[in-house]
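Undergrad: Sequence isn't available, so here's the structure alone:
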């Protein structure tokens, strides 16, 4: 069986930095998602609502669905997904935030071909 006839697995990594300029609206949207979740046990709803009101990263995690990124991509099936959200200190001028995409440079790992 050729490689083209067998399943291939690919890990897609995406980093996104978002500025939260409407934390109340974000929390409200997350609470709406929690309320609409038919699979969430009732005893988990109250703590979940409290968490999204206190932490924008937690609210965002309730609203982001990785499947939405690939829903309409032909020829693939999602096998596994995980995601997390956390508050970070962001400095767009810091080297750690330079993804090398705007200036055409590649990551060091990409250049290390042995």
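TA: That came through, no problem. None of the values given here were measured: they were computed from a predicted structure.
Undergrad: What residues does the spatially most central residue of the chain make contact with?
TA: Closest to where the C-alpha atoms of the chain average out (C-alpha atoms, centre = their mean) is residue 83, at 5.1 Å. With contacts defined as C-beta atoms under 8 Å, 6 or more residues apart in numbering, residue 83 is in contact with 61, 64, 66. Bear in mind the C-beta positions are built from the backbone N, C-alpha and C, glycine included.
Undergrad: Show only the entries of those found in helices.
TA: residue 61 (DSSP state H).
Undergrad: Any chance of the contacts of residue 83 in a markdown table with neighbour count as columns?
TA: Formatted as a markdown table, the contacts of residue 83 follow (neighbours: other C-beta atoms under 10 Å):
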| residue | neighbour count |
| --- | --- |
| 61 | 16 |
| 64 | 14 |
| 66 | 14 |
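Undergrad: Hmm, which of the contacts of residue 83 is lowest in pLDDT?
TA: Within the set of the contacts of residue 83, pLDDT is lowest for residue 66 (86).
Undergrad: Now it: closest residue in space that isn't a chain neighbour?
TA: Closest residue in space to residue 66, ignoring its immediate chain neighbours: residue 81 at 4.2 Å, by C-beta to C-beta, 6 or more residues apart in numbering.
Undergrad: can you count the residues close to residue 27?
TA: 22 (other C-beta atoms under 10 Å).
Undergrad: same thing with the one 3 residues further on?
TA: The number of residues packed near residue 30 is 23, by other C-beta under 10 Å.
Undergrad: Packing partners of the strand or helix carrying it?
TA: Here residue 30 sits within helix 23-36, counting by DSSP states H and E. Secondary-structure packing of helix 23-36 (3 or more C-beta pairs under 8 Å, 6 or more residues apart in numbering; DSSP states H and E): helix 42-54, helix 56-63.
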